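**Student:** would you be able to build a 3D model of this:
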Amino acid sequence: MHISAKADYATRALLELAREPARPLTCEAMASSQQVPFRFLKSVVGELRRSGLVRSQRGCEGGYWLGRPADEITLLDVVRAVDGELITLRGEPLSGLDYPGPASGLPGVWRRIEADAAAVLGGTTLATLLPAEVGEPLNRKGAA
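**Tutor:** Numbering: from 1, shown residues only. Just a heads-up that it's a prediction; the model follows:
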């Protein structure tokens, strides 16, 4: 399974926002803190904004905030926001995949892998990934 740079950077940016949810952060601050390329992160944050995972405000007091509480944003939400399908085969979704003859069982394996990955990612929220000293006490259930 391939985890894209977009999904990784998006998650890292969201975790920066979740660390101090009351104050906005700029893309520059998030990129610097996470040591990721600013231009790429700016594009990724735009996708997160369009999907509702972050909200933004322009101006001197502007920046980005989480679009929902950290305990309501899962890694599955993030991956789907920036990458679309969780797992594809040659760029196509697995849903309609069908092979003839002795390979007929293989699509079911690929779909089980996708379902298992979705369960892990869907059961892991930003809140479960934050260090314990950040914010309020966290439920560690589902943490990777």
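**Student:** hmm, what's the outermost residue in the protein?
**Tutor:** residue 101 (37.4 Å; Cα atoms, centre = their mean).
**Student:** find the centremost residue of the chain, please.
**Tutor:** Central residue of the chain (Cα atoms, centre = their mean): residue 78, at 2.3 Å.
**Student:** and that residue, what is it in contact with?
**Tutor:** 7, 10, 11, 14, 48, 53 (Cβ atoms under 8 Å, 6 or more residues apart in numbering). In short, each C-beta sits where N, CA and C put it, glycine included.
**Student:** go through those and name the one nearest residue 39.
**Tutor:** Closest to residue 39 out of those is residue 10 (14.5 Å), distances taken as Cβ to Cβ.
**Student:** can you list the helices and strands that the helix or strand harbouring that closest one packs against?
**Tutor:** If you go by DSSP states H and E, residue 10 is part of helix 5-19. Using 3 or more Cβ pairs under 8 Å, 6 or more residues apart in numbering; DSSP states H and E, the elements in contact with helix 5-19 are helix 27-34, helix 38-50, strand 54-57, strand 63-66, helix 75-83, helix 126-129.
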